[in-house]
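Student: predicted structure and sequence below. I'll ask about it afterward.
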Amino acid sequence: MAEILFLEASAKTPSVSFDPITGKLELRGRSIPENSIEFYKPLNDWIDQYAETPKESTTIDIKLEYFNTSSSKCLLDLFKKLERLNGGTSAVHVNWYFEEDDEDMEEAGEDYQAIIKLPFKMIEVEEI
């Protein structure tokens, strides 16, 4: 079984909280790492391991205030892994949080929603 994955946020990377016991995954903050692939690799590896014995319901909360282009590709890869998990033994849901008046983040969520075959919930908040 996958272990809890917790990474503190930094100025360039989001906090990561992936809990295999509850099936709750969260990314929060800014995602502008020097090397996005390197940063996201343990997250993708974790999902591979979690996929072996997932919870019946898996929820990923994306609470990013900003991410760069290379992070957007890594997020897409992450969603694709979750997409493969969905409908098997787990129902995967995505909650995409964006700040009111942040049209860029709202549109980014809508773009993923159009590409990925996962239930997406767009959630407008005052502040992330």
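Tutor: Received, thanks.
Student: tell me the secondary structure at residue 79.
Tutor: Secondary structure, DSSP: H, G, I helix; E, B strand; the rest coil: residue 79 is helix.
Student: can you get me a residue count around it?
Tutor: 23 (other CB atoms under 10 Å). Glycine gets a C-beta too; all of them are placed from N, C-alpha and C.
Student: right, and it touches residue 94 too?
Tutor: Yes. Counting by CB atoms under 8 Å, residue 79 touches residue 94, with 7.2 Å between them.
Student: and for the two, which residues touch both?
Tutor: Taking CB atoms under 8 Å, 6 or more residues apart in numbering as the contact rule, residue 79 and residue 94 both touch 112, 116, 118.
Student: what sits closest to residue 120 if chain neighbours are left out?
Tutor: In space, and not counting its chain neighbours, residue 120 is closest to residue 113: 4.0 Å by CB to CB, 6 or more residues apart in numbering.
Student: what separation do you get for that neighbour and residue 5?
Tutor: 25 Å (CB to CB, to the nearest Å).
Student: biggest strand in the chain by residues?
Tutor: Looking across the chain with DSSP state E, the single longest strand is strand 57-67.
Student: note down every partner strand of that strand and its orientation.
Tutor: Strand 57-67 has its sheet partners listed here by DSSP bridges as strand 24-31 (parallel), strand 91-99 (parallel).
Student: name the residue most distant from the centre of this protein?
Tutor: Centroid-distance maximum for the chain: residue 101 at 21.5 Å, with CA atoms, centre = their mean.
Student: if we can go back for a sec, tally of neighbours for the residue nearest to residue 120?
Tutor: Residue 113 has 17 neighbours, counted by other CB under 10 Å.
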